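Engineer: Fold the stuff below for me.
(one chain, ligands or ions: 2)
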Amino acid sequence: MKTNFHTHSTFCDGRDTPEALAKAAVEKGFGILGFSSHSDMVADLAAYRAHIRNLAVLYCGRLDVRLGLEAELAKPYERGDYDYVIGSHHYITAPDGGFFAFDHTPQILKDGVRDHFGGDSAAFVKAYYAAVRRTLQLDFDIVGHADLVRKFNVKHPFFDESADWYRGEIEATADAIAASGKLVEVNTGAIARGWLDDAYPSPFFRSLLRARGVKFILSSDAHSADALDGAFDRFGSCEEFQAL
Ligand SMILES: [Zn+2]
Ligand SMILES: [Zn+2]
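Structural biologist: Ligands and ions are numbered 1, 2, ... in the order given. Now for the predicted structure:
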């Protein structure tokens, strides 16, 4: 069944309304559509929950609408009664207390590494994975874009993904994810937006996770209705995906 649990609407930074996403999901043949607004971007989370629950009733029998949340793990969030929670890091806290959105623009990333990690890219990347491992104990279900730290590394290279230290980081993180029992999303969002030519996590990271028995779901991290199944044709048939 075609599913997508990672979508953004006008409740956060998405372009289209939940209604437009649901309509497109039916047209594209989805069986399940999950909404996962950013926990730190929704002005009124109670209104968001009520709206999506109502939409689920309206689409009953045509589309299984699920209420989710993309929790920003670098900030406090409420687990609440969401059907599922995706746990993601878009911000990093540096040892000097610096706090920045490393996935926002290449310039913010560059300035942040310079100002808060002494220009040491490896130190920044290690701090990211340490945060991912540390927050696996939090209450969420799906590990969101596990190696988001790679986002700008093709167009604006800042670290070597083939280095031994990097391999060590993702091996340690794969071990920790497997021990947590959480699902991992194969997130095609960076393909649709032109940053990368493959999903998060990378093929090598996925192979480490698969070897440890971790289960995957496929998601597009869509910020508009037309991106709902972006690059799904490349992944749907060659990976095994779990239903929620
Ligand atoms: Zn995200
Ligand atoms: Zn997202």
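
Engineer: Remind me what the lengthiest strand in the chain packs against, helices and strands.
Structural biologist: Taking DSSP state E as the criterion, the chain has its longest strand at strand 64-72. Where contact means 3 or more Cβ pairs under 8 Å, 6 or more residues apart in numbering; DSSP states H and E, strand 64-72 is packed against strand 32-38, helix 45-58, strand 84-88. Heads up, the C-betas are built off the backbone N, CA and C, glycines and all.

Engineer: and the shortest one, what does it pack onto?
Structural biologist: By that I understand strand 84-88. Packed next to strand 84-88, using 3+ Cβ pairs under 8 Å, 6+ apart, are strand 64-72, strand 142-143.

Engineer: Most tightly packed of those strands?
Structural biologist: Most buried of the helices and strands packed on strand 84-88, by mean neighbour count (mean count of other Cβ atoms under 10 Å): strand 142-143, with a mean of 28.

Engineer: Does ligand 2 have contacts with it?
Structural biologist: No - using Cβ under 5 Å from the ion, strand 142-143 stays clear of ligand 2, with a minimum separation of 11.0 Å.

Engineer: Format the CA atom coordinates belonging to the helix or strand just after that strand as CSV.
Structural biologist: Where DSSP states H and E defines the elements, the next helix or strand beyond strand 142-143 is helix 164-180. Extracted C-alpha coordinates of helix 164-180, given in CSV (Å, rounded to 0.1, in the frame of the first residue of the first chain):
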residue,chain,number,x,y,z
ASP,A,164,37.0,6.3,9.1
TRP,A,165,35.7,8.7,11.8
TYR,A,166,32.5,9.2,9.9
ARG,A,167,32.0,5.5,9.4
GLY,A,168,32.5,5.0,13.1
GLU,A,169,29.8,7.6,13.9
ILE,A,170,27.2,6.0,11.7
GLU,A,171,28.0,2.5,12.9
ALA,A,172,27.6,3.7,16.5
THR,A,173,24.4,5.4,15.6
ALA,A,174,23.1,2.3,13.7
ASP,A,175,23.8,0.2,16.8
ALA,A,176,21.9,2.7,19.0
ILE,A,177,18.9,2.9,16.7
ALA,A,178,18.7,-0.9,16.5
ALA,A,179,18.8,-1.1,20.3
SER,A,180,16.0,1.5,20.6
